[in-house]
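Asks: only geometry, no sequence info:
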């Protein structure tokens, strides 16, 4: 039976959410990654993705400066590093190195890809929209990379823990 619940209860109940790392660069072109559950596809043609980042975050500052990001889906075995990137600030530290995540050059944008991720979307910001306590960075997808041999990526359970699923493991209904 449906009943009225809190925002926090709804977030947990609606889980899991695909957990990604948005990699951008700072003014010195040093890479920085933020863990996100708040991202979405916003256009099929042209391909576009939006991410939501709080203005107080160091990654917001990097996005303002760089105007580009790579949306990476960390693989199952990268969960500790991915969680680290989502729980500490990159201001004044190299959290990708601390997390044990290696980067490789992107094809089109300045921010790098995360080696070993299941999918990486290279994105160039087209528009910014203020949305309450976050800002949406709406971006064109300019290149896509993937590894079909590593289909399991991470999902956030109520923004408190991670699990891994593969599209190959999911049984369609009906």
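Replies: Sure thing, it's come through. Just so you know, these numbers come straight off a predicted model, no measurement behind them.
Asks: residues in contact with stretch 154-171?
Replies: 11-12, 15-19, 37, 73-76, 78-79, 82-83, 151-153 (CB atoms under 8 Å, 6 or more residues apart in numbering). For glycine as for every other residue, the C-beta is placed from the backbone atoms N, C-alpha and C.
Asks: same deal with stretch 46-62?
Replies: 22, 24-26, 32-34, 36, 38-42, 63, 69, 71, 89-91, 121, 123, 126, 131, 133-141, 144.
Asks: and those, which are buried?
Replies: Neighbour counting with 16 or more other CB atoms under 10 Å marks 22, 24-26, 32-34, 36, 38-39, 63, 69, 71, 90, 121, 123, 134-141 as buried within those.
Asks: now, which of those residues lie within strands?
Replies: Here DSSP state E is the test, and the buried ones among the contacts of stretch 46-62 give 22, 24-25, 32-34, 36, 39, 69, 71, 121, 123, 134-141 as lying in strands.
Asks: Quote the end-to-end distance of stretch 5-17.
Replies: With CA to CA, to the nearest Å as the measure, stretch 5-17 spans 19 Å from end to end.
Asks: what do you get for stretch 122-139?
Replies: One end of stretch 122-139 to the other measures 9 Å (CA to CA).
Asks: How about stretch 72-81?
Replies: End to end - CA to CA - stretch 72-81 spans 13 Å.
Asks: which stretch of helix or strand covers residue 82?
Replies: Assigned by DSSP states H and E, residue 82 belongs to helix 79-87.
Asks: quick one: buried residues of that helix?
Replies: 79, 81, 82, 83, 84, 85, 86.
Asks: So which of the residues you listed is the closest to residue 104?
Replies: residue 81 (15.0 Å; CB to CB).
Asks: Please name the nearest non-neighbouring residue to that closest one.
Replies: residue 99 (3.3 Å; CB to CB, 6 or more residues apart in numbering).
Asks: again with residue 74
Replies: Closest to residue 74 by CB to CB, 6+ apart is residue 82, at 3.9 Å.
Asks: Distance of the one you found relative to residue 51?
Replies: As judged by CB to CB, to the nearest Å, residue 82 and residue 51 stand 15 Å apart.
Asks: Just the terminal-to-terminal distance for stretch 2-15.
Replies: Criterion CA to CA; first-to-last residue distance in stretch 2-15 is 17 Å.
Asks: Buried residues of that stretch, list them for me.
Replies: Those would be 11, 15, for stretch 2-15 by 16+ other CB under 10 Å.
Asks: Run through who's touching it.
Replies: Contact with stretch 2-15 is made by 155, 156, 157, 158, 159, 160, as judged by CB under 8 Å, 6+ apart.
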